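Participant: Here is the input, now give the coordinates:
(one chain, ligands or ions: 1)
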Amino acid sequence: MKVKIIEDLCTGCGLCIDTCSDLFDMEGSTVLVKTENVPEGQEECCKEAAENCPMEAIKIEED
Ligand code: SF4
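Facilitator: Next comes the predicted model:
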């Protein structure tokens, strides 16, 4: 599973970091993904973060 942030959409609200802090981190006013390939133990919180993102800025590619 892979994850990307669409930087143009991200408002930097920080919700995804609250949901999945091992995967997302703040960089300036937007968020970066620490590792594009989602580690197994973080798939659930990654999906939750994508579902909850108010800007739909988190895109997941399932394997
Ligand atoms: S939840 Fe969405 S809009 Fe908010 S910081 Fe994360 S990617 Fe950006």
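Participant: Residue 14: neighbour count?
Facilitator: 11 (other Cβ atoms under 10 Å). For every residue, glycine as well, the C-beta is placed using N, CA and C.
Participant: as a whole number, average confidence for the host helix or strand of residue 51?
Facilitator: Per DSSP states H and E, residue 51 falls inside helix 43-52. Helix 43-52 shows a mean pLDDT of 98.
Participant: ditto for stretch 3-15
Facilitator: The average pLDDT for stretch 3-15 rounds to 95.
Participant: Could you check it and say which residues are buried?
Facilitator: 3, 5, 10, 15 (16 or more other Cβ atoms under 10 Å).
Participant: Same list, those, but as CSV with distance to residue 45 please.
Facilitator: Output for these, formatted as CSV (distance: Cβ to Cβ, whole Å):
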residue, distance to residue 45
3, 11
5, 15
10, 17
15, 12
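Participant: Among these, which one sits closest to residue 34?
Facilitator: Using Cβ to Cβ, residue 3 comes nearest to residue 34 of these, at 9.8 Å.
Participant: Backbone dihedrals for that closest one, both of them.
Facilitator: phi -140, psi 140 (degrees, to the nearest 10).
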